[in-house]
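1. Build me a model:
(3 chains)
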Amino acid sequence: MKGYNYAFLDEFTKREIRRKILKAVAIPGYQVPFASREMPIAKGWGTGGLQVTLSLIGDSDVLKVIDQGSDDSVNAINIKTLVQHTTDVKLTNDTKEASIIQTRHRIPEEYLNEDQTIVFQVPFPEPLRTVEPSEQLTRRMHAEKDYSKIWLYLYENIVQYGDIIFGARYPVMVNERYLMDPSPIPRWDIPRLHNAAFLSLFCAGREKRVYAIPPYTKVEPLEFEDYKFEVENFDGKVCARCGSGDTFLTKSVDDKGNEIWLCSDTSFCEKRRKKNGLFAKSG
Amino acid sequence: MDCLLRVVNLTKIFGDGCPYCLELTDDEHNICPRCGSIVACAGISFEIMPNEILGIVGESGSGKSTILKSLYFDLEPTKGAAYLNCYERDIFKANSQDKRWLRNFKMGMVYQNPGLGLLLDITAGGNIAEKLLAAEWRDVGKIRGQASGLLKRMEIPVVRMDEITHNFSGGMQQRVQIAKALANNPEILLLDELTTGLDVSVQARILDLIKEIQRELNIAILLVTHDLGVIRLMAERTIVMRNGRIVEDGLTDQILEDPQHEYTQLLVNSEV
Amino acid sequence: MGYVAVEGGEDAINNAKKVVEIFRRENRLAIDQVMGEGSLYAPELAELAIKQAEGDLVEASFLIRAYRSTLPRIGYSEPIDTHDMFVSRQISSTFKDIPGGQILGATRDYTQRLLEFERSDEVEEEGEESSDASEDPPKFEKVVDVMREDGLIAEPLENSEEPFDITRDSLQFPLSRSARLQALARGENGAMLALAYSSLRGYGSVHPTIAELRVGYVKVKIKHPYTKNEVSIGEILATECEGILSGVGATMLSEDAKFSLGYGLVFGQNERKAISMAILDGTTSVKEPEAPSEDQEFVFYHIDGVDAMGFVEHLKLPHYVTFQSSLDRVKKAKEAKK
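-> Residues are numbered from 1 along each chain as shown, chains lettered A, B, ... in the order given. Just a heads-up that it's a prediction; the model follows:
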C-alpha cells in the first residue's frame, strides 16, 4: 500500500513491541506495559493483537485470522485485509498451514506445532480486575504473589452458586508464579495452553499490555481439590454440519427455527465435513 | 531466645519530629514543645513468653494501640525493633512478603472496630476462609469444616456461616473476628480493646471463651485495654502506660493490690 | 472592546454578537474540538474528517489520531509562552479589572438560546479569519503573574524534568503532572465535562475561580537546526484557562498557605474543555483522593474518547462463544441449586 511502511507500523515501533514481547516471553504470564499505538481500527476491535502480528510478520509467514473460531467473521476479514494490504503476505484458512494465527476468543481445534504462534486479542489483561478495580493495587498483588482476593472470590462463588462461575476468561496460574487472564477463550480451550508446543502471545491494545506463554510451560486453571476445573458440557450434542461431538459447539437456529449446534472452528468443521462426506445446508 | 516476642525500644512519633522530641517529652506531656510532634509511644521494651497473657493498660492516648498496630505492620515505627522466635531478624525490617507470612501464619489480630479486621460485604465463613486461603488451603470442604468449627467455638450458629457479615450484630462481628484471628493457629494473638462497645454479658462470655481457647491452643496473648476489670480477669502480667511511656509493670495481682506509681494508684482507685 | 460587569454590558453583548458573525465558519468549533481530541493541529484535515464521518465528532477524532500516528516526529517546538498570545478574547472572574481589560470577544455566553429560523436559508460565507502574524501583539500582564508578585500563588512543583510523552511511554500511576496535562489536553469533551461537573457539585473539593480565560493566537517556534535561532513556523489558535483552586467553602492551599493553580490549554476555541481541564488538573493532584474526579486511575483511564468509543462499541462484535460459556455456568448453577 503506497505511503505506508511494510506492515503499517514504522520500524521503531516494531522494534519496541518485539522487545516487549521478548520480555514477556522471559517472564511467563507477566503483563508487560507498552506504548500502544493508534491504529486504523478501533480500540477493542483487535488493535493489540494487530500490533503484535504486524511486528512479527515477514514475507515467509502465512497468516490466519479468526474471530469466535470463524475465518469469515467480518472483523477477522477486516483485519486480514489491513495486514495483506500492507504486506502482501499469504493468507490461509487452514490452521495447519499458518505460521501466525491471530485469534479473538478461540484456539483452533487442530494440533499446533513448535513453528506456530498464536496471537490472542485481549480485552482485559488483568485477571484480578474482577476483585480489585485499582491498577496500582493489582500490580502490587502480582509483585507479591498475593492472590488471596481471587481465591476468596472463588470460595464465595461456590457458597453462593454451588460452583465456580467463571465462564470464559478463566484465571490460570502460569509457571507457578503469575496469575494470568487467558483472554475470553472458553474453558474448553484452557487445557490446550498447558505444556503446549506453540508460542502464545497475548496483547491488549487499549489497556496497553502484552504477555506471553512460552512453549512447554505449566498453565494451571485455579481450582479446589473438591471443586475441580471443568470444561463446557455439550450433553452429547453433535455438529449439524460435520457430525463432530468432540469440538466446541455453539447453538444456532436453522431456517425452520429448529435449534442446531455447530462447530465454532469453521475451517476444521469444513475439513471434517469433506472427509465425512456429510451434506449440510450452507449458512 | 526462649521468649516468644521481644520488643526493644519501640518508639512512634507522629509529625515531622526533631532531635529533641524524646528528651522534651515524658509521661505527663507527650507533645514536643519544639516541633509539635506527638510522641505516641517511646522506649517501649517488654517480653512475652509462650502461652503467656500480657496486658497493657492505659487510658486513651496512652499509646497502647500504637504498639499493637506497629507489631501487626499497620504502622511503621519511628525507632525500635521486635523479635519473634520464629523469625531470625527484626520483624520491622522484614520485606513485605515476609511480613505477610508473619501476619498470616504467626499472628492473629482483633481490632476494636470489627470493620477493620473483617470484610463486611462477604460471608462470615468467607472471612475465616480468607485466612485459610492465604495459608494455601485448597479444599473447600475442609475450609468450611475448619470455619464452622471455629464459629461453633465462638458460639455463632453454624447456619449463619453463609450470611453476609454486615448483617451481624457488633458482638457477633467481634466473635467472627476472633474466629478469623485463630484460624491458622497463630502463636500470638493481639487483642485491641476487645470488649469496648459490647454488652456486659457478652463481654464476660467472650473473655471466658478467649481464656478457654488460650489454654487449649497454647497461644500467647498481648491484650490492650483501658478496663482494669479485663486486666484482672485475663492477664498474668501487666504493663501500665501513660502518654506513651511505661510507668509501671509487673505481676497483675501485685500491681492491682499494691500500685507503686501514683498514676497506677489513680487508676486503681478510680475503678468503679 | 472591554467590558466591566457593571456598566457597558449591553454594548459589550451587542459587539460580541457582531464578532461571532465575523468569525463564523461552518463547524468552526467542531473543528477545534476534533483537533483537540485528535491531538493534531490541522484545521483542514479536521474539517475533512468531520465531513467523512458525517458529523460524528468522536469518529472524526479517531480518523485524525490514526493519521497522526503515521506521521514521523521531526522535532519539538520551543515551549510556547502564552504571554505572547494575540488575544481575541480575555476574561477574568477573580477581579473586576484586569491588565488589558476584560475583552468579551466572540462568545455566545450572554445570548439568549433561541433558534434563529431565518438562518436555515442562509448560505454560509466564509468569515474572515484574520490574524496579523507580522505584528507583535500588545502584551499585558497576566492576572496570575500579578498574584504571583504578591506572593499569593504557590510555585509549581516539578519544573525541570523532561516532559513525559504519553504516546511513547506507557502510563504508570501515580502520574507526573506533564503526563496528566497531556492526557487532559487530548481528552474527550463530554467525559471531562461530566467529571469536572461532578467536582463542582460536591463530589470533590475543587471549585476554582477563573483567574484568566484567554482565546488567541500563539506563534509556534523551533530552534533553527543551523543558526540555532528561534524561528516561528506558524501559529495556532488556543484557549488557555488558569484557575485559582479556591473553594466555595474549602480552599485548596499549598503547604505554605498559597493558592494552587489548575491549568487548561487546548487547541482552538474550546472554553468548556479548557475550564474542565483546569478543574481536573486540580482534582487529580489532591493528596488524599476521595471523589471519583480525584481518583487518578478513574479519570485517566476513562477520558480518552477514542479508547472509550472503541471499547463500548466493540460490544457489537460477536460474543457467542463467550456467551455459550456463560450459559454453561448458569445451567450448572441452576443444577447445583436443586
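
2. Please make it C-alpha for all contacts and neighbour counts, starting now.
-> Will do.

3. got a list of what A:Gly109 touches?
-> Just to correct that, residue A:109 is Glu rather than Gly. A:Thr247, A:Asp265, A:Phe268 (CA atoms under 8 Å, 6 or more residues apart in numbering or on different chains).

4. do the same with C:Thr82
-> Counted by CA under 8 Å, 6+ apart, C:Thr82 has contacts C:Val218.

5. measure it to A:Leu137 for me?
-> 39 Å (CA to CA, to the nearest Å).

6. re earlier: okay, the contacts of A:Glu109 in TSV with neighbour count next?
-> Below are these laid out as TSV (neighbours: other CA atoms under 10 Å in any protein chain shown):
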residue	neighbour count
A:Thr247	21
A:Asp265	24
A:Phe268	22
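
7. quick one: which of the residues you listed is nearest chain B?
-> Distance to chain B, by CA to the nearest CA, is smallest for A:Thr247 among the contacts of A:Glu109, at 30.7 Å.

8. can you pull the contacts of the residue lying closest to that closest one once chain neighbours are set aside?
-> Leaving out its chain neighbours, the residue that sits closest to A:Thr247 by CA to CA, 6 or more residues apart in numbering or on different chains is A:Cys263, at 6.3 Å. By CA under 8 Å, 6+ apart, A:Cys263 lies in contact with A:Cys239, A:Arg241, A:Ser244, A:Thr247, A:Phe248, A:Leu249, A:Thr250, A:Cys269.

9. Helix, strand or coil: sort out the second one for me.
-> Translated: A:Arg241. Assigned by DSSP: H, G, I helix; E, B strand; the rest coil, the conformation of A:Arg241 is coil.

10. Model confidence score at it, please.
-> We have a pLDDT of 89 for A:Arg241.

11. Look up the closest residue to A:Phe202, ignoring the ones flanking it.
-> In space, A:Phe202 is closest to A:Phe120, 4.8 Å off (CA to CA, 6+ apart).

12. next helix or strand past the helix or strand hosting the one you found?
-> Assigned by DSSP states H and E, A:Phe120 falls within strand A:117-121. Next helix or strand after strand A:117-121 toward the C-terminus (DSSP H and E): helix A:135-143.

13. list the buried ones in that next one?
-> Of the residues in helix A:135-143, those with enough neighbours to count as buried (16 or more other CA atoms under 10 Å in any protein chain shown) are A:Glu135, A:Thr138, A:Met141, A:His142.

14. Got the phi and psi for the nearest residue to the last one once chain neighbours are set aside?
-> Yep, that's A:His142 we're talking about. Excluding its sequence neighbours, the residue lying closest to A:His142 (CA to CA, 6+ apart) is A:Tyr178, at 6.7 Å. In terms of degrees, to the nearest 10, the main-chain angles of A:Tyr178 are phi -110, psi 140.

15. For the stretch 151-272 of chain B, which segments are assigned as strands?
-> B:188-192, B:220-225, B:237-242, B:245-251 (DSSP state E, counting those that start in this stretch).

16. now those as CSV including distance to chain A, mean pLDDT and mean neighbour count?
-> CSV is the format used below for the strands of the stretch 151-272 of chain B (distance: least, CA to the nearest CA, whole Å; pLDDT from 0 to 100; neighbours: other CA atoms under 10 Å in any protein chain shown):
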stretch, distance to chain A, mean pLDDT, mean neighbour count
strand B:188-192, 22, 94, 23
strand B:220-225, 26, 94, 24
strand B:237-242, 36, 94, 24
strand B:245-251, 36, 92, 19
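
17. Determine which of those strands approaches chain C most closely.
-> strand B:188-192 (26.9 Å).

18. how near is C:Gln269 to C:Gly216?
-> The value you get for C:Gln269 to C:Gly216, if CA to CA is used, is 8 Å.
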